[in-house]
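Colleague: when you get a sec, could you give me coordinates for this:
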Amino acid sequence: MKTRWWLLFTLFCVLAFCRADAQQLAFSNLQAFEWLVGEWKSTGGKTTSCETWSRASDRTFEGEGYFLKNGEKVVTEYLRIELFGNEVYYVSRVSHNKYPVPFKLVKVDGQNVIFENTEHDFPQRIIYQRKEDGSLHARIEGQQDGKERGVDFFFVKSGESSK
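Modeller: Down below sits the predicted model:
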């Protein structure tokens with residue numbers, strides 16, 4: 001019985017290590033974020049909100065968040081997804097923060113990417129979810145003034161329509 005338990009425990013550890021190693025490899029060169037590259041436009045609302053992403057290097061993606069006002073582009077934030085050592089961070093630079101704000105990658109799979117910074121005022125989490133129809137659901141969420149709050153953004157890739 002002890003031998004069987006030890007064998008199962010060893011197998012579990014090997015599988016867990018392989019999965020963690022495979023996940024590390026999957027985003028060590030940021031390939032897990034390649035689907036974000038391009039221009040994303042909001043699918044509703046009074047103003048047109050957009051995000052653009054491009055691959056700057058093997059270790060960095062760069063982006064902008066902006067909206068269109070009277071046909072003019074008004075940038076609201078500069079974005080980066082960067083590999084620092086073995087960690088991946090989403091870094092947002094907005095005018096109302098003195099310094100860029102880093103959010104650490106806490107989950108990545110085929111459809112979801114979640115970044116988190118529990119020390120930030122709001123948001124504490126940034127979530128990107130790739131939908132089956134090719135659209136993007138982005139969400140910022142966390143505590144603000146003692147209450148849970150979330151803001152959703154629904155995008156389609158520019159030049160594509162939802163299927």
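
Colleague: quick check: bridge partners of residue 91?
Modeller: Taking DSSP bridges as the rule, residue 91 bridges to residue 80, residue 102.

Colleague: residues contacting it?
Modeller: 79, 80, 81, 82, 100, 101, 102, 103 (Cβ atoms under 8 Å, 6 or more residues apart in numbering). Yep, even glycine has a C-beta here, placed from its N, CA and C like the rest.

Colleague: what sits against the third one?
Modeller: The contact partners of residue 81, taken as Cβ under 8 Å, 6+ apart, are 30, 33, 36, 53, 60, 61, 63, 88, 89, 90, 91.

Colleague: one more pass at 7 Å, please.
Modeller: Listed by Cβ atoms under 7 Å, 6 or more residues apart in numbering, the contact partners of residue 81 are 30, 33, 61, 88, 90.

Colleague: in CSV, list those along with pLDDT.
Modeller: Converted to CSV, the contacts of residue 81 look like this (pLDDT from 0 to 100):
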residue, pLDDT
30, 87
33, 92
61, 97
88, 96
90, 98
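
Colleague: redo those as TSV? Include neighbour count.
Modeller: TSV is the format used below for these (neighbours: other Cβ atoms under 10 Å):
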residue	neighbour count
30	20
33	19
61	21
88	24
90	23
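
Colleague: top of the contacts of residue 91 by neighbour count?
Modeller: residue 81 (26 neighbours; other Cβ atoms under 10 Å).

Colleague: which residues does the nearest residue in space to it that is not next to it in sequence bridge with?
Modeller: Spatial nearest neighbour of residue 81, excluding adjacent residues (Cβ to Cβ, 6 or more residues apart in numbering): residue 61 at 4.2 Å. Beta-bridge partners for residue 61, by DSSP bridges, are residue 55, residue 81.
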